[in-house]
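Colleague: A structural model of the following input is requested.
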Amino acid sequence: SEEPSGNAIDRYFYVPPRLRSDKEVILAILTKHPQVIESMSSDLRDDGEILKELLQKHPGSTLPCTFIQHFSDRIRSSKSLLLDVILPHPHGLPALAYCGHDLRNDKAFFLQAITSTNIQHPSTDHENQILKYASPRLRAD
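Modeller: Prediction:
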């Protein structure tokens, strides 16, 4: 049998097809090789628990801002997931660049993000750092 290469994506594809949508198997791979997130099944891309798990496994990493772009629009538009899980992460704020289109137009969401005490951002210009991810229409409001 062919040995998997050192590339994490190759390792993902080396997983037998019947296991590629297995949440536990994929989580085990993602924990050590987060770049395989690009190859997850569509079912797993719609699973917020995977994103939560990845954030817990990589607490000081800048990865959250790139992780979210690989998830479904439903996940990228989840107010509770963004406000309670992603934005409180030390490097979570840039994830707003990938949030769902409707959410980028949601005034209540951005007001909640601005007033949240859970969101960590090193800038003293906290409000503008959050608002830069709002839609142009909302920023003009």
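Colleague: flag the shaky bits of this protein, pLDDT-wise.
Modeller: By pLDDT under 70, the weakly predicted segments of the chain are 1-15, 63-64, 120-124.
Colleague: can you pull up the most central residue in it?
Modeller: Geometric centre of the chain, nearest residue: residue 68, 2.4 Å, by C-alpha atoms, centre = their mean.
Colleague: all strands for the protein, in order.
Modeller: Here the chain has no strands by DSSP state E.
Colleague: quick one: the helices in it, in order.
Modeller: 8-14, 23-32, 42-45, 48-57, 64-67, 73-76, 79-81, 101-104, 107-115, 126-131, 136-140 (DSSP state H).
Colleague: closest one to residue 87 among the ones you listed?
Modeller: helix 107-115 (6.2 Å; C-beta to C-beta). The way it works is simple: take the backbone N, C-alpha and C, and place the C-beta from them, glycine included.
Colleague: quick one: contacts of the closest one?
Modeller: 79, 82-83, 87, 96, 103, 119, 126-127, 130-131, 134, 138, 141 (C-beta atoms under 8 Å, 6 or more residues apart in numbering).
Colleague: do the same with stretch 43-59
Modeller: By C-beta under 8 Å, 6+ apart, stretch 43-59 touches 21, 23, 26-27, 30-31, 34, 37, 40, 63-64, 67-68, 70-72, 74-75, 78, 81, 85-86, 89-90, 92.
Colleague: please apply the same query to stretch 77-93.
Modeller: Residues outside stretch 77-93 that contact it (C-beta under 8 Å, 6+ apart) are 48, 51-52, 55, 59-65, 68, 75, 95-96, 99-103, 106, 109, 112-113, 116, 118-121, 129-130, 133.
Colleague: how does it look with 7 Å?
Modeller: For stretch 77-93, the surrounding residues in contact (C-beta atoms under 7 Å, 6 or more residues apart in numbering) are 48, 51-52, 55, 60-62, 64-65, 68, 75, 95, 99-100, 102-103, 109, 112-113, 116, 118-121, 129-130.
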